[in-house]
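[1] Quick one: sequence plus predicted model below, questions after.
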Amino acid sequence: MPTTLTTKGQVTIPKKIRDALDLQPGCKINFAVNDAGDVLLQKASVTRTAPARKSGKASTLKDPFEQVRGRADVQWRTKDLMNLLRGEH
């Protein structure tokens, strides 16, 4: 499965490989080169820090957006959100 390297050093991972590794947009990937010069690709495991203690400190993740992803309980309409952000009343 040949692919082309871009000027930015990027390549497209073929769909068969993405499916086999269950790679989704935003997934972390590990690369390694073995002694024979073969490149190894594997899905990286998500590393999270320990939960916050009773001292009130919030737990931190490597990606701060992951900490709040999926937690919104308000269904915003575009018009309402734009009014909030732009200050239009």
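    Alright, I've got the coordinates.
[2] looking at this protein, which helix or strand is least sure?
    In the chain, the helix or strand scored least confidently by mean pLDDT, DSSP states H and E is helix 64-68, which has a mean of 72.
[3] Buried residues, the helix or strand just after that helix. List them.
    Using DSSP states H and E, the helix or strand that follows helix 64-68 in sequence is helix 78-86. For helix 78-86, burial by neighbour count (16 or more other C-beta atoms under 10 Å) applies to no residue. Where C-beta positions appear, they are placed from N, C-alpha and C, glycine not excepted.
[4] try stretch 18-30
    Neighbour counts over stretch 18-30 (16+ other C-beta under 10 Å) mark residue 23 as buried.
[5] what's the span of that stretch, first residue to last?
    13 Å (C-alpha to C-alpha, to the nearest Å).
[6] Can you give the contact residues for it?
    For stretch 18-30, the external contacting residues (C-beta atoms under 8 Å, 6 or more residues apart in numbering) are 13, 17, 40, 41, 42, 43, 44, 46.
[7] So which of these sit within strands?
    40, 41, 42, 43 (DSSP state E).
[8] what pLDDT does the residue nearest the centre of the chain get?
    Geometric centre of the chain, nearest residue: residue 26, 3.1 Å, by C-alpha atoms, centre = their mean. Looking at residue 26, its pLDDT reads 88.
[9] again, but for residue 58
    For residue 58, the pLDDT comes out at 51.
[10] Ok, residue 71 next?
    pLDDT, read off for residue 71, is 73.
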